[in-house]
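Colleague: Okay, structure incoming, though there's no sequence with it:
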């Protein structure tokens, strides 16, 4: 008997792993803030393509908020030194 449930999408799982690998590779070059913004935005777009300008703006706002909150929590509150980019200095 077949399971009744949502269809499995292994391609999205693979895409998520690839994006995360690119994020890890980008950290030393771009730094935490730029890499995290790009990763958060790319992951949102990969999982659910924004169809209009309002959704693209939401992607940018969520990626920016994710970056700022992570930076504040780790660097300011927990005093964890986050990677600075060789190319950006950020």
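Modeller: Arrived safely, thanks for sending. Model, not experiment: these values are computed from the prediction. Numbers count the residues shown, from 1 in each chain.

Colleague: any idea which residue sits dead centre in this structure?
Modeller: residue 40 (2.1 Å; Cα atoms, centre = their mean).

Colleague: Then that one would be within a helix, right?
Modeller: Yes. Assessed with DSSP: H, G, I helix; E, B strand; the rest coil, residue 40 lies in a helix.

Colleague: now it: how far from residue 31?
Modeller: To residue 31, residue 40 is 14 Å away according to Cβ to Cβ, to the nearest Å. Just so you know, the C-beta spots here come from the backbone N, C-alpha and C atoms, and that holds for glycine as well.

Colleague: still on that earlier bit, tell me who's in contact with the residue nearest to the centre of the chain.
Modeller: Contact analysis of residue 40 by Cβ atoms under 8 Å, 6 or more residues apart in numbering lists 62-63, 66-67.

Colleague: let's go with 10 Å and repeat that
Modeller: Contact analysis of residue 40 by Cβ atoms under 10 Å, 6 or more residues apart in numbering lists 19, 23, 59-60, 62-67, 70.

Colleague: For it, report the pLDDT, please.
Modeller: Listed pLDDT for residue 40 reads 98.

Colleague: For it, give its distance to residue 32.
Modeller: Counting by Cβ to Cβ - residue 40 and residue 32 are separated by 12 Å.

Colleague: what's the overlap in contacts for the two?
Modeller: In contact with both residue 40 and residue 32: 67, 70, using Cβ under 10 Å, 6+ apart.
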